[in-house]
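**Student:** predicted structure and sequence below. I'll ask about it afterward.
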Amino acid sequence: MDKIFKIALILVWALFFVNSLYASKLQVNAKTLNTSKNIVYASDGAVIYYNDSVIKADKATFNRDTELLVLDGNIEMIGYKGTKEYTDYMEIQTKSDEVKFEKLFMAGENDIWLYSNDVNKSEGNYSLGQSILSSCDIDNPLWKMSFNKSHYDSVDSYMKVYDAKIYFWDMPILYTPYLAFSTNKERSSGLLFPLLGYGSDEGIVYEQPIFWNISPSVDMEFNPQIRARRSVGGYATLRFADTNNSEGKLRVGYFKDREIYQRREGTTDLRHTGVEFFYSSSKVFADVSSDELNTTSTSFKDGLLVDTTYISDIDYLYLQERPIHFGSDPTRVSILNYFIQNNDYYGGVYAKYFIDTRKENDDETLQQLPTIHLHKYLDRLIWNNLTYSADFEVTNLTRKVGATLQKAEFNLPLEYTTSFFNDHVHFSAREKFYYSKYLFGNGTFENDNYQYYSNVHEAEIFTDLTKKYENYVHVIQPSLEYIKPGSESGDPVAYEALGSDQKELFSVGLPEEQFRIGFKQYLYSADKIKLKFFQRFSQIYYPNRAYKWSDIDNEMNYNWNEWTFYNHMKYAPEFSKIRELTSSIRYKGREGLMFQVEHGYQTALEDSPDEEEINDINFDMRYMYNNTIGFNAGVSYDIETQEKTQWQAGISYSRDCWDITTSYRQEFIPSSAGVKNKNTFYLQLNFKPFGGIGTNTLNDDQR
């Protein structure tokens, strides 16, 4: 819609200017000014003023009886929003509000110009003859739009263009016999720009969006779609804003594949259907401002988020997007979150519903419907350095097939803090109390009612020291935390005595006795604005284990001029091996070059045999050779399999009035028939400032 609106503004610049001529009386200045009984003659540089408009001409004639103003020779107009218009001859019939131009040339903002051989206005309706529109050089424009005629209704703000053609280097690349659109910023019903593409497995793809402006706060978009070798279907999307603080969207869709496509591609689903609903509100029941929230403990605010999806299979998501986008996760999660809070309390209601499109149904999938959460923010108890907080949570885990669970949990941590050595050393002692109750259903259990209690002792000593040097500021934050398990009890039996199907639904237990060693340090610039370096180190010591040391977790980041070096490593000293490693080098230079190399590594050790093996390297690069030419490239490479998992490369060329972007991409997407290797060639021409014309060519290989 923005592109149409921009084009419309260009086409009606002259028309708006003409309309402004009648808002005030005529004022004429010239070196030579002669008058008779009925006619005023101006020559030798006539200048005519109308409100914010100025007209210069070699000569001008005004007939007082007929109220006809005639301008002739080298006419230049400066008016509406700084636009400039040039013509050789113009008539303004002030009495009947009619205007006639001959060979009008107009230039405006963004270096856009319009040339028309004939322009007329009558009773609010404008007509343009053969016209050319462009933003390139006038003598030899690289691109231009031409049309045989157009009509503009200033009352309804509506433009109609006939036989419009877009040329690139004098080669026609787009033609439409008729184009109609609104010229104001208000939304209006009508056709949107279509989507046209091609895929080797689906043939020609054509989608024609239809927009329906129902009201200022409600609209609807229909997206009928044809995939020549696959299916016919479409989507309908309803968008609304019911208040100033909320908005929503409802989308439904249906596609039916041809049976020949199903046999050829080996897909399992013939029909692809779905319903999606999104709603967000930052104020549901609360009627207070954020300022009141900060100053009044009794005030509160609330919010609601609903994001639900019900689909038959993953192809429903893939079909609704442009070919270069797709839904990559076969598991979809619908959520509902509502919260309400003030300075002292927080309450929330949450729900999650899972759909695994790989399964025939979700009867065995646990659904969280719902969770109710109440929280008391940190507050003092008797003394200022004795604090507490509290959490109470109730969750219902349900499904059609398999054991279900209703559980209630209560957490109450108490903490005492103090400082020593002039606030250089801090000490904290915590006691954490936990209670939970579980009710099992949808099955026969020896114990369908279970409750659990535990407490944990914690102590921590830490410091936060800052020292300023000449060129930088150094901050260190060492800490040592001790965690000791307290007592626990289960009723009527211990947790280990429950059935295996019950224990799959939840887990309880005390943490191991442990010492947590932590060290953080930061280097800032002297003004403490730019972070130069940081390191975060942690390791746990377990006194009761045969091998007492946990993995070493070390994260570092160093910023040096245009370079950024990052490393995050988890090292298992028990096995003398690296468990996880992420390293990256990023460069962003002023000369237009930006690249990043990232290596990701993860391995399965003896204590985690089911861990996913990862060993890949990713490279991304962008380079602006100059203000005109740019390059981009990227590749993901699996070192173990020695295969590229995804890659793309492209080039862009930009001039003052147009640019072109082309790229080629290979990636893998899931489908009901497995994983497809998708190769995409993308080409887009962009005619500044209107927008562009693009195309995609797709090749698909089944894996």
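**Tutor:** Looks like it came in fine. Numbers count the residues shown, from 1 in each chain.
**Student:** C-terminal to the lengthiest strand in the chain, what's the next element?
**Tutor:** The longest strand of the chain (DSSP state E) is strand 472-491. Next along the chain after strand 472-491, taking DSSP states H and E as the criterion, comes helix 500-503.
**Student:** tell me which residues are up against that next one.
**Tutor:** 402, 403, 405, 440, 443, 445, 447, 450, 495 (C-beta atoms under 8 Å, 6 or more residues apart in numbering). Backbone N, C-alpha and C define where each C-beta goes, glycine included.
**Student:** kindly report the same for stretch 603-623.
**Tutor:** 572, 574-575, 577-579, 592-602, 630-640, 645.
**Student:** quick one: average pLDDT of it?
**Tutor:** The average pLDDT within stretch 603-623 is 89.
**Student:** ends of that stretch, how far apart?
**Tutor:** Taking C-alpha to C-alpha, to the nearest Å, the span from the opening residue of stretch 603-623 to its closing residue is 34 Å.
**Student:** what of stretch 137-153?
**Tutor:** 30 Å.
**Student:** quick revisit: can I have the buried ones of the contacts of helix 500-503 as a PyMOL selection?
**Tutor:** Buried subset of the contacts of helix 500-503, written as a PyMOL selection, criterion 16 or more other C-beta atoms under 10 Å:
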select buried, resi 403+405+440+450
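**Student:** the residue nearest to residue 518 when sequence neighbours are not counted and residue 461, how far apart?
**Tutor:** Leaving out its chain neighbours, the residue that sits closest to residue 518 by C-beta to C-beta, 6 or more residues apart in numbering is residue 479, at 4.3 Å. Using C-beta to C-beta, to the nearest Å, residue 479 is found at 7 Å from residue 461.
**Student:** same check, this time on residue 359
**Tutor:** Using C-beta to C-beta, one gets 51 Å for the distance from residue 359 to residue 461.
**Student:** equivalent analysis for residue 386, please.
**Tutor:** 18 Å.
**Student:** and if you look at residue 128?
**Tutor:** Residue 128 sits 81 Å away from residue 461, going by C-beta to C-beta.
**Student:** more neighbours, the two?
**Tutor:** More crowded of residue 128 and residue 461, by other C-beta atoms under 10 Å: residue 128, with 25 against 14.
**Student:** follow-up on the earlier one: show the buried residues in the contacts of stretch 603-623.
**Tutor:** Burial by neighbour count, judged by 16+ other C-beta under 10 Å, picks out 572, 574, 578-579, 594-596, 598-602, 630, 632-637 from those.
**Student:** tell me which element residue 283 is part of?
**Tutor:** Using DSSP H and E, no helix or strand contains residue 283.
**Student:** against residue 344, how distant is it?
**Tutor:** 20 Å.
**Student:** and if you look at residue 279?
**Tutor:** 28 Å.
**Student:** with neighbour numbers in mind, choose between those two.
**Tutor:** Taking other C-beta under 10 Å, residue 279 and residue 344 do not tie; residue 279 has more neighbours (17 against 13).
**Student:** pretty sure that one sits against residue 305.
**Tutor:** Yes. Counting by C-beta atoms under 8 Å, residue 305 is a contact partner of residue 279 at 7.4 Å.
**Student:** do me a favour and get the end-to-end distance for stretch 495-503?
**Tutor:** End-to-end distance for stretch 495-503: 8 Å, by C-alpha to C-alpha.
**Student:** would you mark the buried spots in it?
**Tutor:** 498, 502.
**Student:** with stretch 576-591 instead?
**Tutor:** Residues 578, 579, 580, 581, 582, 583, 584, 586 are the ones in stretch 576-591 that count as buried (16+ other C-beta under 10 Å).
**Student:** now for the residue nearest to residue 518: which residues touch it?
**Tutor:** 460, 461, 462, 463, 516, 517, 518, 519.
**Student:** show me these that map onto helices.
**Tutor:** Using DSSP state H, no member of these sits in helices.
**Student:** show me which pair in those residues is furthest apart.
**Tutor:** Longest distance between any two of the contacts of residue 479 is 15.2 Å, between 463 and 516; criterion C-beta to C-beta.
**Student:** for the longest strand of the chain, which strands pair with it and how are they oriented?
**Tutor:** strand 449-462 (antiparallel), strand 465-468 (antiparallel), strand 514-525 (antiparallel) (DSSP bridges).
**Student:** just the C-alpha atoms of it, please, in PDB.
**Tutor:** This file holds the C-alpha atoms of strand 472-491, laid out as PDB (Å, rounded to 0.1, in the frame of the first residue of the first chain):
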ATOM      1  CA  TYR A 472      40.300   2.000  31.700                       C
ATOM      2  CA  VAL A 473      38.100   0.900  34.700                       C
ATOM      3  CA  HIS A 474      38.400  -2.600  36.100                       C
ATOM      4  CA  VAL A 475      35.500  -4.300  38.000                       C
ATOM      5  CA  ILE A 476      35.900  -7.700  39.700                       C
ATOM      6  CA  GLN A 477      33.100  -9.800  41.300                       C
ATOM      7  CA  PRO A 478      34.400 -13.000  42.900                       C
ATOM      8  CA  SER A 479      32.000 -15.200  44.900                       C
ATOM      9  CA  LEU A 480      31.900 -18.400  46.800                       C
ATOM     10  CA  GLU A 481      28.500 -20.100  47.600                       C
ATOM     11  CA  TYR A 482      27.900 -23.100  49.700                       C
ATOM     12  CA  ILE A 483      24.800 -25.200  49.300                       C
ATOM     13  CA  LYS A 484      23.900 -27.900  51.800                       C
ATOM     14  CA  PRO A 485      20.900 -30.200  51.500                       C
ATOM     15  CA  GLY A 486      18.500 -30.100  54.400                       C
ATOM     16  CA  SER A 487      15.800 -32.700  55.000                       C
ATOM     17  CA  GLU A 488      13.100 -34.100  52.800                       C
ATOM     18  CA  SER A 489      10.100 -36.400  53.200                       C
ATOM     19  CA  GLY A 490       7.500 -37.900  50.900                       C
ATOM     20  CA  ASP A 491       4.100 -39.100  51.900                       C
END
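**Student:** average pLDDT for it, rounded please.
**Tutor:** Per-residue scores along strand 472-491 average to 95.
**Student:** pull the distance from it to the chain's centre.
**Tutor:** Mean-position distance between strand 472-491 and its chain equals 38 Å (C-alpha atoms, centre = their mean, to the nearest Å).
**Student:** which parts of it are buried?
**Tutor:** Neighbour counts over strand 472-491 (16+ other C-beta under 10 Å) mark 472, 473, 475, 479, 481, 483, 485, 488, 490 as buried.
**Student:** cool, thanks, signing off.
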